[in-house]
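J.: no sequence for this one, just the structure:
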Ligand SMILES: CC(C)(COP(=O)(O)OP(=O)(O)OC[C@H]1O[C@@H](n2cnc3c(N)ncnc32)[C@H](O)[C@@H]1OP(=O)(O)O)[C@@H](O)C(=O)NCCC(=O)NCCS
């Protein structure tokens, strides 16, 4: 199945609030529970120029997946971006995440010319890690007790995908 991909819009605030209310999304992201609609309206109204956010939609053009590239603000890191990806619980395991990641990677490679993409993932998030590995991301390090989740400190992984000459440096 194919899901329309488009840039996020102000009108997506209710769908994104609903998406970030899903327990598995909160558990596996760095967001806080109980996001308000106002939080998402403000966030979408103030998206910085160096953030490129896309959504995957259902047949009614409602956002069911959200992915973003956050280009590094420092000039000397302008070849890099960090990446975020979440899919609504009702749609997980149906190819939405893979398709949205494909669109983000094309955008990064073919339109922004980025050569290093990096992301943070919880060390126990096997589903996401499997997807990232399949798409060329490699683990660069384990971040011990780097975030607090549901009453305990948990480890994260830093993963990155290098392209072109950077990938050949070894
Ligand atoms: C992780 C996430 C983004 C993946 O998106 P998705 O739409 O559910 O995944 P897809 O259906 O596109 O599947 C992509 C790959 O994920 C893995 N995957 C999907 N469902 C899985 C499952 N139930 N168990 C294990 N791996 C699974 C597989 O490697 C799959 O590849 P395949 O299609 O070749 O089998 C999504 O599940 C999600 O948002 N989870 C909660 C929030 C989160 O973890 N975000 C990532 C933060 S770093």
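T.: Sure, I can see it. Just so we're clear, the structure is a prediction, and the values are computed from it rather than from any experiment.

J.: if I pick whatever residue of the chain ends up closest to the ligand, what's in contact with it?
T.: Closest residue of the chain to the ligand, C-beta to the nearest ligand atom: residue 97 (2.1 Å). In short, each C-beta sits where N, CA and C put it, glycine included. Applying C-beta atoms under 8 Å, 6 or more residues apart in numbering, we find residue 97 in contact with 65, 85, 87, 128, 131.

J.: Now for the spatially closest residue to residue 113 that is not a sequence neighbour, how many residues are close by?
T.: In this structure, residue 113 finds its nearest non-sequential neighbour in residue 79, 7.7 Å apart by C-beta to C-beta, 6 or more residues apart in numbering. Using other C-beta atoms under 10 Å, residue 79 is surrounded by 17 other residues.

J.: again, but for residue 157
T.: 21.

J.: Next step: the contacts of residue 97 restricted to strands.
T.: Taking DSSP state E as the definition of strands, the contacts of residue 97 contribute 65, 85, 87.

J.: Contacts only, for the nearest residue to the second one once chain neighbours are set aside.
T.: Meaning residue 85. Distances taken as C-beta to C-beta, 6+ apart place residue 67 nearest to residue 85, at 4.5 Å, with adjacent residues excluded. Residue 67 makes contact with 53-56, 83-86, 100-101, 103-104, according to C-beta under 8 Å, 6+ apart.
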